[in-house]
Each structure stands twice: as structure tokens, then as C-alpha cells.
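Asks: Give me coordinates for this.
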Amino acid sequence: MAAQTEVDLTPQPGVIVVFSDIWCSFAHVTVYRLHETRRRLGLEDKVAFDHRAFPLELLNNKPSPRTGTDSEVGRMGSLEPGAGWQLWQDKDWLFPSTTLPALEAIQAAKAQSFAASEQLDLALRKAFWAESRCIANRRVILDVAESTGVVDVPALTEALDDGRARRQLSDQAAISATDQINCSPHLFLPDGTDYANPGIESTWVGDYGVGWPVITSDDPSVLEDMLKRAAG
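Replies: Presented below is the predicted three-dimensional model:
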């Protein structure tokens, strides 16, 4: 099989590309920090986040287990409590077996605006990590979209009906499977630099779903520098 041609992932000035999955606790920390730091710096009108999918279930050929996400909550939650965390509280059978519908909705919302996509992405992360909601369910996705006050829900519903963002999701999954993307999250800046899991270094004790993450280094200021550079 021929190797996939490398794709230029460098965004336009004022944009940061974010490859991630909603299931990923490291991405939940980073995305929350991006929003909070952008707000604190007063750059909300100068820097946008271009969310792209890093679908773990396609890369791993299986859904992310509840035991895995639950094992991450305590340690990752201590890094950014404000992001919202809890062990899964709803019925076991309501734990989402896929994030693909949610990731597709985020791409569909991007056709409305970066702001719509950003807010839907952030709200879906909170719905999963902090509220134990089944973000695989269409009704939940649309209810979350409505709660943002930014997303045009009838337009999003139409986009989900005809699947217009599904090709984007598949293309992003293909890129995620290459060496260009190291993990979730992986960020790309207008100056051509990129950062995998920016500011955080970690190891893991035991197998995934049995052990837990160990954070060996954490420097949130890295994101402040990245946002300033993206703003130019």
C-alpha cells in the first residue's frame, strides 16, 4: 500500500488546529485551558480553534472502555478541577460506545462558524466528563447544541440528517492514523510549529483500564505562549 501523502496542517493566522477525541481526558484538560487562557488574555476575537477529530475507536479498532476513562478522572481532574469531572454516574448501558456522532456534529457546526464548533465541542466534553451524559445519542447531542446558545440547531440537525460532515470526519481519521498526529490532543500553530499534549508529560502505571496516569510534568503557561503566537 502506498504511503499517504503528508498534509499541510498549518492553519491561517489567528487559528489553532486541535486534533483530539472527546473520550480523551488529556484533551479535556487542554481544551478547557485553551478557552480559559484565551478569555483571560482577551484574545477571544483574535484566535479561533479549528477542532478536528482524532477518533480513538477507529485508531484502536474498539470503543474506549468506561474503566479507562474512570481511572483517569481523579488524576486528571486534579490538574484542572474547573473543567468538570466525575466518575460515570448514569446506567452502565448509557455509557457512550462511540464518539463518532458527536465528532461529526462538531465538524458540521464548523460550517456555521468556528465559534459554533468551539462551543459545541466544549459543551460535549462537559456533558461527558462532568455530567455523565450519553454523547453517542443524537437527542443528547442536539440538546447540548441548544444549550450553547450559539449553534443553529435546525441547521445542525439538517447537516446530521444528510451526513455532509461525515467525509471530513473520515479524512481527519485517516490523517490521525499517520505519523503527523502523535496523540490526542495535538495542536498546530500558524507559525508551522506543533505540540502534542502541550505542557503535560506523563507515564502510565499498569494497563489501560486497570492502572492510572502519572503526571511527571505540567506547565500550563505553554498554552499562553501558543495563544499569543497564534494571535500574531
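Asks: all contacts plus neighbour counts: C-alpha atoms, from now on.
Replies: Noted.
Asks: how about the helices in this structure?
Replies: 25-41, 56-60, 66-79, 100-110, 114-129, 138-148, 153-162, 166-176, 221-231 (DSSP state H).
Asks: a markdown table please, covering these and showing mean pLDDT, mean neighbour count and distance to Gly14.
Replies: Putting the helices of the chain into a markdown table (pLDDT from 0 to 100; neighbours: other CA atoms under 10 Å; distance: least, CA to CA, whole Å) gives the following:
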| stretch | mean pLDDT | mean neighbour count | distance to Gly14 |
| --- | --- | --- | --- |
| helix 25-41 | 98 | 19 | 12 |
| helix 56-60 | 95 | 16 | 28 |
| helix 66-79 | 93 | 17 | 27 |
| helix 100-110 | 98 | 25 | 16 |
| helix 114-129 | 98 | 23 | 11 |
| helix 138-148 | 98 | 18 | 23 |
| helix 153-162 | 98 | 15 | 25 |
| helix 166-176 | 96 | 17 | 21 |
| helix 221-231 | 97 | 17 | 5 |
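Asks: Would you mind saying which of those lies nearest Asp50?
Replies: With CA to CA, the closest approach to Asp50 among these belongs to helix 114-129: 6.5 Å.
Asks: That closest one - contacts with which helices or strands?
Replies: On a contact count with 3 or more CA pairs under 8 Å, 6 or more residues apart in numbering; DSSP states H and E, helix 114-129 meets helix 25-41, strand 48-53, helix 100-110, helix 138-148.
Asks: Indicate which one of these is closest to Ile181.
Replies: So among the helices and strands packed on helix 114-129, strand 48-53 is nearest, using CA to CA, at 10.8 Å.
Asks: angle of that closest one against helix 221-231?
Replies: 110 degrees (axes from the mean of the first three to the mean of the last three CA atoms, to 10 degrees).
Asks: Any chance of the helices of the chain in TSV with distance to Asp92 as columns?
Replies: Output for the helices of the chain, formatted as TSV (distance: least, CA to CA, whole Å):
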stretch	distance to Asp92
helix 25-41	19
helix 56-60	19
helix 66-79	9
helix 100-110	19
helix 114-129	13
helix 138-148	16
helix 153-162	26
helix 166-176	27
helix 221-231	35
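Asks: out of these, which comes closest to Leu9?
Replies: Closest of the helices of the chain to Leu9 is helix 166-176, at 9.8 Å (criterion: CA to CA).
Asks: Report all helices and strands that that closest one contacts.
Replies: strand 48-53, helix 56-60, helix 100-110.
Asks: Show me what the last one is in contact with.
Replies: Right, helix 100-110. For helix 100-110, contacts defined as CA atoms under 8 Å, 6 or more residues apart in numbering pick out 21-22, 51-53, 55, 116-118, 120-121, 124, 135-138, 141, 151, 156, 159-160, 164-166, 168-169.
Asks: Columns distance to Glu201 on top of the helices and strands packed on helix 114-129, output as CSV?
Replies: Output for the helices and strands packed on helix 114-129, formatted as CSV (distance: least, CA to CA, whole Å):
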stretch, distance to Glu201
helix 25-41, 10
strand 48-53, 22
helix 100-110, 26
helix 138-148, 32
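Asks: Figure out which of the ones you listed is closest to Phe188.
Replies: Phe188 lies closest, by CA to CA, to one member of the helices and strands packed on helix 114-129: strand 48-53, at 9.6 Å.
Asks: So which elements touch that closest one?
Replies: Packed next to strand 48-53, using 3+ CA pairs under 8 Å, 6+ apart, are strand 15-20, helix 100-110, helix 114-129, helix 166-176.
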